[in-house]
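S.K.: What shape does this take:
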Amino acid sequence: MIIKLFKNFAKDESGAVTVDWVVLTAALVGLGIAVLSTVATGVDNVNTDLSASFTSGQTFSTQGDGVTATVID
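M.R.: Residues are numbered from 1 along each chain as shown. Coordinates of the predicted model:
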């Protein structure tokens, strides 16, 4: 009797679609968090550069391999 119950449980597929949707939704939320984290880091770096530019009179250039600063007199 218990073996028959386990076999019926293994064959039952109700709820499988719900599990698929939960997994897909979790993957999309994780991807969104990863993208948001990356964009937030870039925005923070730009904000830091702009703050330094406004307070010290420097302009920053990102041409080439790195960031170079030029002092405005």
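
S.K.: Flag the shaky bits of this protein, pLDDT-wise.
M.R.: 56-73 (pLDDT under 70).

S.K.: could you measure the residue most central in space within it against residue 6, distance?
M.R.: The centre of the chain sits closest to residue 34, judged by C-alpha atoms, centre = their mean, with a distance of 1.3 Å. Applying C-beta to C-beta, to the nearest Å, the value for residue 34 to residue 6 is 40 Å. Just so you know, the C-beta spots here come from the backbone N, C-alpha and C atoms, and that holds for glycine as well.

S.K.: Check residue 21 too.
M.R.: 26 Å.

S.K.: same deal with residue 24?
M.R.: Distance from residue 24 to residue 6, counting by C-beta to C-beta: 29 Å.

S.K.: which stretch of helix or strand covers residue 13?
M.R.: If you go by DSSP states H and E, residue 13 is not part of any helix or strand.

S.K.: Give me the distance from the helix or strand hosting residue 49 to the chain's centre.
M.R.: Per DSSP H and E, residue 49 falls inside helix 16-56. Distance of helix 16-56 from the chain centroid (C-alpha atoms, centre = their mean, to the nearest Å) equals 4 Å.

S.K.: swap in stretch 6-24?
M.R.: Chain-centre distance of stretch 6-24: 29 Å, with C-alpha atoms, centre = their mean.

S.K.: ditto for stretch 5-19
M.R.: 34 Å.

S.K.: Just the C-alpha atoms of that stretch, please, in PDB.
M.R.: Coordinates of each C-alpha in stretch 5-19 appear next as PDB, following Å, rounded to 0.1, in the frame of the first residue of the first chain:
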ATOM      1  CA  LEU A   5       1.300   5.600  -2.700                       C
ATOM      2  CA  PHE A   6       4.900   6.500  -3.500                       C
ATOM      3  CA  LYS A   7       4.500   5.400  -7.100                       C
ATOM      4  CA  ASN A   8       1.400   7.500  -7.500                       C
ATOM      5  CA  PHE A   9       3.200  10.500  -5.900                       C
ATOM      6  CA  ALA A  10       6.100  10.100  -8.400                       C
ATOM      7  CA  LYS A  11       3.800  10.000 -11.400                       C
ATOM      8  CA  ASP A  12       1.800  13.000 -10.300                       C
ATOM      9  CA  GLU A  13       2.800  16.100 -12.300                       C
ATOM     10  CA  SER A  14       0.400  18.700 -10.800                       C
ATOM     11  CA  GLY A  15       2.300  21.700  -9.600                       C
ATOM     12  CA  ALA A  16       5.300  21.200 -11.900                       C
ATOM     13  CA  VAL A  17       4.400  24.300 -13.900                       C
ATOM     14  CA  THR A  18       4.300  26.300 -10.800                       C
ATOM     15  CA  VAL A  19       7.800  25.200  -9.900                       C
END
